[in-house]
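Participant: next comes the sequence, and after it the predicted model I'd like to discuss.
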Amino acid sequence: MEPGSPGQVLYRIVDNAVHLLRCDGGSIYLKKNDYELEFEVAINQTIDVAFEKRAIPIDGESVAAFCFRKKKALRIEDVYAADGAYKFDATFDKATGYRTRSVLVQPLISTKGHSLGVLQLVNRKNEVGEGWPMGDPAGLARMPLFSDEDQRLLKSMASLASAAIENALLYSNIEKLFEGFVKAAVQVIEQRDISTRGHSERVAVLTVDLAKAVDRGEDKEIGEIRFSAQQLDELRYAALLHDFGKVTVREETLLKAEKLPVQDKFRIEKRIEGVLYRHEIEMLNALLQTLLSEKRAPTSMDIARMQKAVEVYRARMHYLLNAVVELNRPTVLDEDKSKKIEELRAFRFVDETGASRELLETHEMDFLRIPRGSLSKSERLEIEAHVTQTYKFLRAIPWGDRFSHMAEIAWAHHEKLDGSGYPRRLHAERIPLQSRIMTICDIYDALVAADRPYKKAVPVEKALAIIESETKSGKLDSRFFKVFTEARVYDSEAFHALNREKKAA
């Protein structure tokens, strides 16, 4: 039970009540739903039993249910001699040989008058720490009963307990609301790019697992790095929302799988078809003019020569179209591809107006000259801007002190230790440790993710080798990558489960 958690709050309420009113045990039931109370906390100073949550019906005959329904405090001298309005559940006594006698029960009422649950104390004693007589009638007779003063004191304590429980429930609801908001935000991101569905969740799982592994690590390089539960929560949410800024990126840029925009690729294909068609018409017209001037019919040799010329020209145009298709793929622009770029640039044709034109327009050539990937410089800057947009989005939300660093962590997840990252070109000393951890996990998932339109999935070994080369060149934190590999964070079952979900979808 974490300090400050709802369960710890409830335990302290019961423990203080048991101590202050000098009794042998106590418990709390809370409303689970419209039909049940749930047994949340139990303390017994005489019988050491493992506590097990269980539910009881609100409309049942138990003491707790009666108190809850009626919003009425009960003070019972001996539960075994109680009247018929409610019945004592003797299951615990029978199972352990314990003897429950006096009981004090107080409903827990919210500030709005709603029943939250029941606080119950059992077996008033003379002194704190005094043993409870087991099977000793004379000893039981010497034990005091709960008094009017005890009942007033418990009522006061119940008011404080109700406020604490109400706050805990409110906090729990806020947590659920917050979690729902984050999940909805992630869905918004993924709706824009189905091919990367699950990326944010997978990065969050890897990032938190790596942070936990670092926290456990005893290596002298990371031995002093520790993350609290709150910091891990903050890191998880930062990882889940690290790409939210992509909602501001144009869809044609975000989903661009090839170098040429779709409309430019279509225009080039139609232009090449038009050039080929006009050339064949021109050749046919030239043959007809020759036949008219020579006043003769075409021979088989005339037809054969024209067909041969058409085939040669068609082959040339098909070669150029295939060159465009090849160059349009998001691969590295090597020497062989550069030669094809020059061939395309040098080719000219005569359009329908009789003007000589280059086959490809300047901006089309610029797209095909992209040295790596599918994005032009301006498109890459547009994509890179999503990180700053994420920061602005997260900064606009009042997270409070608990998650005050979330925006900064997400903002730096594309930065590199040598200053070569983006968007701010930060160097190591300005990059949060949490961001460095997330960067490794983000890169790994992007490399091994199931095939995307613009790249194939990379095998695990190659992905790790790529990241290792980045650490050796001083771009990524080698300490965290070492933990990533040695702890086999990349091989976690939670990560694999998310990958299976994506493949099954």
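Facilitator: That came in fine, so what should we check first? Source: prediction; values computed, not measured.
Participant: can you pull the pLDDT of residue 60?
Facilitator: With respect to pLDDT, residue 60 has a value of 90.
Participant: quick check: it is in a helix.
Facilitator: No - counting by DSSP: H, G, I helix; E, B strand; the rest coil, residue 60 falls outside a helix, being coil.
Participant: from residue 260, how far out is it?
Facilitator: 72 Å (CB to CB, to the nearest Å). Just so you know, the C-beta spots here come from the backbone N, C-alpha and C atoms, and that holds for glycine as well.
Participant: and residue 216, by the same measure?
Facilitator: Residue 216 is 49 Å from residue 260, by CB to CB.
Participant: what about those two, which has more around it?
Facilitator: Taking other CB atoms under 10 Å, residue 216 and residue 260 do not tie; residue 260 has more neighbours (23 against 11).
Participant: helices of the stretch 301-450 of the chain, residue ranges please.
Facilitator: Here the stretch 301-450 of the chain has its helices, by DSSP state H, counting those that start in this stretch, at 335-346, 362-368, 377-395, 406-411, 433-448.
Participant: got phi/psi on residue 417?
Facilitator: phi -60, psi -30 (degrees, to the nearest 10).
Participant: that one: how many residues sit nearby?
Facilitator: Residue 417, neighbours per other CB under 10 Å, totals 22.
Participant: again with residue 209
Facilitator: So residue 209, with other CB under 10 Å, has 20 neighbours.
Participant: check whether it really touches residue 492, as I assumed.
Facilitator: Yes - the criterion here is CB atoms under 8 Å, and residue 209 meets it with residue 492 at 5.3 Å.
Participant: show the pLDDT at residue 51.
Facilitator: At residue 51, pLDDT is 68.
Participant: what angle do the worst-scoring helix or strand of the chain on mean pLDDT and helix 433-448 make?
Facilitator: Every helix and strand in the chain was compared by mean pLDDT, DSSP states H and E; the lowest is helix 493-504, with a mean of 79. Orientation of helix 493-504 against helix 433-448 (axes from the mean of the first three to the mean of the last three CA atoms, to 10 degrees) gives an angle of 40 degrees.
Participant: packing partners of helix 493-504?
Facilitator: helix 199-216 (3 or more CB pairs under 8 Å, 6 or more residues apart in numbering; DSSP states H and E).
Participant: now the helix it packs on: buried residues?
Facilitator: Within helix 199-216, the residues that count as buried by 16 or more other CB atoms under 10 Å are 199-214.
Participant: what does stretch 354-365 give?
Facilitator: For stretch 354-365, burial by neighbour count (16+ other CB under 10 Å) applies to 359, 360, 364.
Participant: output these as a markdown table; include the columns pLDDT and distance to residue 44.
Facilitator: A markdown table is the format used below for these (pLDDT from 0 to 100; distance: CB to CB, whole Å):
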| residue | pLDDT | distance to residue 44 |
| --- | --- | --- |
| 359 | 92 | 89 |
| 360 | 92 | 85 |
| 364 | 93 | 81 |
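Participant: and which of those is nearest residue 67?
Facilitator: residue 364 (79.9 Å; CB to CB).
Participant: what are the contacting residues of the least confident helix or strand of the chain?
Facilitator: 197, 198, 201, 202, 205, 206, 209, 449, 450 (CB atoms under 8 Å, 6 or more residues apart in numbering).
Participant: now the fifth one: closest residue in space, sequence neighbours ignored.
Facilitator: In space, residue 205 comes closest to residue 494 once its chain neighbours are excluded; the distance is 4.8 Å by CB to CB, 6 or more residues apart in numbering.
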